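>>> okay, predicted coordinates and the sequence, questions at the end:
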Amino acid sequence: MKIGVLNSGGDCPGLNAVINGVVGAADKLGWEVYGFIDGFEGLLPEGGDYLKLTPDDTTGIGKLGGTILGTTNKGHFAAKIGEGDVAKIPEEIMSKARDNMDLLGIEALVVIGGDGSLTTALQMNQEGFNVVGVPKTIDNDLQATAMSFGFDSAVTSVVDGLDRLQTTGQSHKRVMVLEVMGRHAGWIALWGGIGGGAHVILLPEIDFDLEKVADFIKQREIDGQRSTLVVVAEGARISGGELITKGEGSASEVTLGGVGQVVAHHLEKMTGKDTRSCVLGHLQRGGSPTAIDRILGARFGVKAVKMIETGEYGRMVSYQAYHVDSVPIEEAVHQLRLVNPDGEMVDTARALGICMGDR
């Protein structure tokens, strides 16, 4: 049997671990693996743009960041064009991809991607492609899986960033604001903030008032705490206002960013404290994956091959209660998995004395 594998959308730590898992499990079954270059776009050139992958090609790549196959969040297969908006992939694009896969003799395709990529995978499955999905996002915002690889690595980079900002903030008695990724979900900010000892965490899911944050910082000053660490998710809205963006991004989605600078500006005016902002940005996507992401990625890749073996198409690998299983792709892309404002993680943050900006 011949199978294909591709990763689409943004890169994240752990992608190579998934590819290694797919190749290793497929080789045990005597299958051939074709890795398509630059995501779905690799399906379109005549004869396909691919690498034939064997264990010799992938052994040891699990520790590498990025992806050996390359990726893109632009091109002909953009099915997710905005928050909640879906576009149909043109039939001529689907037909060209189908012809190339038939020419190569590929019977099934493993798609490693986030919400947008899996929306494309779902359309392909509905058009008759044998597709298995693997969840990939540092944002941890896919429904039907408790965790996706890349998230732990992103959180670890936030914790490291906060550790560094804490020392410089204390030295100058400053308020330090760190803007982190996550788009419309606050998981990275929440986990990273708790792990890194933040004093304030501002999330998209919790309406916050900067006056309350300023009062919290002033009280810390009275209590003798001269420095404050603030973590703000890029999708957080100032007092329930509009998203702060940097203009149009890929596939017509806006590129979020800039909220950290706005928060820092307002807090400096409100508190009189010297305030600095820092954007962690793509440092959260780069570098070697953590051990958790290497292991989870490998498990996801192996599971995807086992799903092909048993004909479980139109489904996505899912991680729940320490067990790797599968769910229909449609369940995963139906809606974003967001932080529960009344959930255990937020309750933990409040119990630690962390200000969420709403009280």
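Now that the structure is in, tell me what you want to look at. Residues are numbered from 1 along each chain as shown.
>>> domain ranges for the protein?
Domain segmentation of the chain under automatic domain parsing yields 2-149+289-333, 154-285.
>>> quick one: closest of these to D358.
When the domains of the chain are ranked by proximity to D358, the top entry is domain 154-285, at 5.3 Å, counting by CB to CB. For every residue, glycine as well, the C-beta is placed using N, CA and C.
>>> between the domains of the chain, which one is nearest to T348?
Taking CB to CB, domain 154-285 is the member of the domains of the chain nearest to T348, at 6.5 Å.
>>> what pLDDT, on average, does the closest one get?
The average pLDDT within domain 154-285 is 92.
>>> next, the distance between the ends of it.
Using CA to CA, to the nearest Å, the gap from the first to the last residue of domain 154-285 comes to 6 Å.
>>> what about that domain, distance to the chain center?
Once both centres are worked out by CA atoms, centre = their mean, to the nearest Å, domain 154-285 turns out to sit 19 Å from its chain's centre.
>>> give the contact list for the closest residue to G113 other than its chain neighbours.
The shortest distance from G113 to any non-neighbouring residue, by CB to CB, 6 or more residues apart in numbering, is to S8 (4.4 Å). Under the criterion of CB atoms under 8 Å, 6 or more residues apart in numbering, the neighbours of S8 are G39, F40, T71, T72, N73, F77, V111, I112, G113, G116, S117, T120.
>>> now the fourth one: how far from I37?
Translated: T72. Shown here: T72 relative to I37, a distance of 10 Å by CB to CB, to the nearest Å.
>>> pLDDT at the residue lying closest to L296 once chain neighbours are set aside, what is it?
Once flanking residues are discounted, L296 sits nearest to F149: 4.5 Å by CB to CB, 6+ apart. Taken from the predicted model, the pLDDT recorded for F149 is 95.
>>> surely F149 and K136 touch.
Yes - using CB atoms under 8 Å, F149 makes contact with K136 at a distance of 6.8 Å.
>>> what's the overlap in contacts for these two?
Shared contacts of F149 and K136, counting by CB under 8 Å, 6+ apart, come down to C12, G14, L15, V18.
>>> tell me how far the second one lies from A298.
So that's G14. In this structure, G14 and A298 are 9 Å apart, going by CB to CB.
>>> so for those two, which sits in the more crowded spot?
Neighbour totals were compared for G14 and A298, and G14 leads with 33 against 22 (other CB atoms under 10 Å).
>>> ok, the more buried one to I112 distance?
10 Å.
>>> now for the two: what residues contact both?
Overlap of the contact sets of G14 and I112 (by CB under 8 Å, 6+ apart) consists of K136.
>>> can you give me the helices for the stretch 251-359 of the chain?
Along the stretch 251-359 of the chain, counting by DSSP state H, counting those that start in this stretch, helices occupy 259-271, 291-309, 329-333, 344-351.
>>> ok, residues contacting the first one?
The contact list for helix 259-271 (CB under 8 Å, 6+ apart) reads 175, 177-179, 202, 210-211, 213-214, 217-218, 221, 230, 232-236, 238, 244, 273-279.
>>> may I have that helix as CSV, with CA atoms only?
The C-alpha atoms that make up helix 259-271 are tabulated as CSV, following Å, rounded to 0.1, in the frame of the first residue of the first chain:
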residue,chain,number,x,y,z
VAL,A,259,-2.5,44.2,22.1
GLY,A,260,0.5,43.9,24.4
GLN,A,261,1.7,47.4,23.4
VAL,A,262,-1.8,48.9,23.9
VAL,A,263,-2.1,47.3,27.3
ALA,A,264,1.4,48.5,28.4
HIS,A,265,0.5,52.1,27.2
HIS,A,266,-2.7,52.2,29.2
LEU,A,267,-1.2,50.7,32.3
GLU,A,268,1.7,53.1,32.3
LYS,A,269,-0.8,56.0,32.2
MET,A,270,-3.0,54.6,34.8
THR,A,271,-0.4,53.5,37.3
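>>> the spatially closest residue to G281 that is not a sequence neighbour: neighbouring residues, count only.
What sits nearest to G281 in space, not counting adjacent residues and going by CB to CB, 6+ apart, is M181, at 7.4 Å. Other residues lying near M181 total 28 when counted by other CB under 10 Å.
>>> backbone phi and psi for M181, please?
phi -80, psi -180 (degrees, to the nearest 10).
>>> list the contacts of it.
Residues in contact with M181 (CB under 8 Å, 6+ apart) are I138, D139, A154, I188, A233, E234, L280, G281, Q284, R285.
>>> any idea how far V134 is from I93?
22 Å.
>>> more neighbours, the two?
A side-by-side neighbour count of I93 and V134, using other CB under 10 Å, places V134 first with 30 against 15.
>>> what bridges to that one?
The partner list for V134 in beta bridges (DSSP bridges) reads I112.
>>> that one and V18, how far apart?
Here V134 is placed at a distance of 6 Å from V18 (CB to CB).
>>> need the overlap of contacts for these two.
Counting by CB under 8 Å, 6+ apart, the residues touching both V134 and V18 are I112, F300, G301, A304.
>>> wait, doesn't I106 sit right on L6?
No - with contacts counted by CB under 8 Å, I106 stays clear of L6, the gap being 11.0 Å.
>>> the more surrounded of those two?
The neighbour comparison of I106 against L6 (other CB under 10 Å) goes to L6, with 27 against 23.
>>> quick check, pLDDT for the more buried one.
What the model reports for L6 is a pLDDT of 97.
>>> that one against Y34, yeah?
No - with contacts defined as CB under 8 Å, L6 does not count as touching Y34, sitting 9.1 Å away.
>>> re the thing from before, now the domains of the chain as a markdown table including distance to L352?
Putting these into a markdown table (distance: least, CB to CB, whole Å) gives the following:
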| stretch | distance to L352 |
| --- | --- |
| domain 2-149+289-333 | 20 |
| domain 154-285 | 7 |
